[in-house]
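Q: Predicted structure and sequence below. I'll ask about it afterward.
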Amino acid sequence: MTSQPRVVSHHDEVRAMLSDPDLTVVPAPRPPFALTVAWLRGAVSRFADGPVHAARRAAAVEVLAGLDTRVLRAEAFRLASSHPREAELVPVQVLALAFGVRAEDVRRAARAVAAIAPVYLPSPASPLPSEQDIVAADESLVRLSRLLGDPEPERLAVLAGLLAQACDSTAGLIRNALAADAAPCPVEDLLAETLRHDPPVRVLRRTAARPEAAGGGAVPGAEPGVVVLDVAAANRDPEVFDDPDRFRPGRAQEHLTFGAGLRPCPGQTVALALAAGVVEAVRG
């Protein structure tokens with residue numbers, strides 16, 4: 001019988017578990033190189049652990065460090081002002097341009113990434129991708145690679161992974177921020193409270209290397225347990241946040257939406273710059 005995962009929802013406990021080396025991510029299998037989303041998942045840092053994750057994350061950090069967040073924010077503002085109905089895809093367009101896609105091709109690149117993203121990172125609330133979805137995503141990865149100038153595989157994995165993340169999480173942040181019922185306030189405060197109150201990524205899953213790391217006893221021969229870190233609930237923990245269900249920009253407490261500990265999101269500053277430019281343009 002498969003045991004049910006342990007769900008952790010208290011802020012301080014989630015934070016501590018994000019720093020626990022005995023809680024790991026189950027690596028995605030890495031097939032031989034091919035322009036498929038299955039290969040992409042097996043080649044990025046998000047679905048890797050240990051030294052492999054560290055090396056791949058370092059490659060992503062290096063790419064992100066070469067970006068000027070002020071330029072990204074200004075370009076996001078410009079594109080969102082021109083095409084407000086496409087606001088959620090603006091971060092992908094801006095990043096694609098920064099990664100070398102020609103200006104006339106950035107909307108094509110964004111459409112390709114939009115087909116890749118749900119297969120690359122399926123939503124827990126959505127049905128599993130169909131075979132047709134997978135084929136369309138693989139074809140889109142071929143197109144995206146060409147638009148990026150067919151970089152060598154390791155670099156392609158970094159760029160495509162960052163673009164897929166912008167299509168998914170950053171778009172969710174923009175969508176939730178624009179829907180928020182908030183009085184006028186600095187966009188930075190609006191985004192921070194949106195990330196706390198309505199995070200685009202609501203749960204994280206980890207596998208315990210030892211049974212006790214999952215909250216059980218050290219049972220000889222027991223299989224590792226799955227731990228679900230409920231970030232959305234942790235961000236509304238009443239022991240940490242005053243009046244936690246109220247949307248109140250300007251809070252001082254730290255949310256956990258960008259992670260913490262061993263695997264914090266490497267693209268936090270870039271995501272916030274892109275989201276800020278879009279939200280400023282659309283909210284006016």
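A: Noted; the coordinates are in hand. Residues are numbered from 1 along each chain as shown.
Q: Tell me how many other residues crowd residue 185.
A: Neighbour count of residue 185, defined by other C-beta atoms under 10 Å: 13. For every residue, glycine as well, the C-beta is placed using N, CA and C.
Q: In contact with it, which residues?
A: When contacts are counted by C-beta atoms under 8 Å, 6 or more residues apart in numbering, residue 185 is found next to 249, 250.
Q: for residue 138, what are its contacts?
A: 35, 36, 37.
Q: Let's see the pLDDT reported for it.
A: Looking at residue 138, its pLDDT reads 98.
Q: Any regions of the stretch 51-200 of the chain where pLDDT drops low?
A: The stretch 51-200 of the chain contains residues with pLDDT under 70 at 124-125.
Q: mind listing the helices for it?
A: 69-82, 90-98, 106-120, 131-147, 153-165, 171-179, 187-197 (DSSP state H, counting those that start in this stretch).
Q: on that earlier part again, what would the contacts of residue 138 look like in a markdown table with neighbour count?
A: Output for the contacts of residue 138, formatted as a markdown table (neighbours: other C-beta atoms under 10 Å):
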| residue | neighbour count |
| --- | --- |
| 35 | 19 |
| 36 | 18 |
| 37 | 25 |
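Q: how about those in a markdown table, adding secondary structure, pLDDT and distance to residue 244?
A: Listed next are the contacts of residue 138 as a markdown table, based on DSSP: H, G, I helix; E, B strand; the rest coil; pLDDT from 0 to 100; distance: C-beta to C-beta, whole Å:
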| residue | secondary structure | pLDDT | distance to residue 244 |
| --- | --- | --- | --- |
| 35 | coil | 97 | 45 |
| 36 | coil | 97 | 42 |
| 37 | helix | 97 | 37 |
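Q: out of these, who's nearest residue 156?
A: residue 35 (8.3 Å; C-beta to C-beta).
Q: got the contact list for the closest one?
A: Shown in contact with residue 35 (C-beta under 8 Å, 6+ apart): 138, 141, 142, 145.
Q: And for residue 197?
A: 180, 235, 236, 247.
Q: what does residue 97 give?
A: 75, 103, 106.
Q: With residue 109 instead?
A: 92, 93, 96, 101, 144, 147, 148, 163.
Q: Could you find the closest non-adjacent residue to the first one?
A: Pointing back at residue 92 there. residue 110 (4.3 Å; C-beta to C-beta, 6 or more residues apart in numbering).
Q: go on, the second one?
A: In this structure, residue 93 finds its nearest non-sequential neighbour in residue 106, 4.3 Å apart by C-beta to C-beta, 6+ apart.
Q: Report how many residues lie close to residue 236.
A: For residue 236, the neighbour count with other C-beta under 10 Å is 19.
Q: ok, it touching residue 244?
A: Yes: Residue 236 is within contact range of residue 244, at 3.9 Å (criterion: C-beta atoms under 8 Å).
Q: where's residue 278 relative to residue 110, distance?
A: To residue 110, residue 278 is 13 Å away according to C-beta to C-beta, to the nearest Å.
Q: brain fart, residue 174
A: Taking C-beta to C-beta as the measure, residue 174 falls 13 Å from residue 110.
Q: Is residue 147 in contact with residue 107, as I believe?
A: No: taking contacts as C-beta under 8 Å, residue 147 lies outside contact range of residue 107: 10.5 Å.
Q: just the contacts of residue 197 now: which is nearest residue 127?
A: For those, the residue nearest residue 127 by C-beta to C-beta is residue 235; the value is 26.6 Å.
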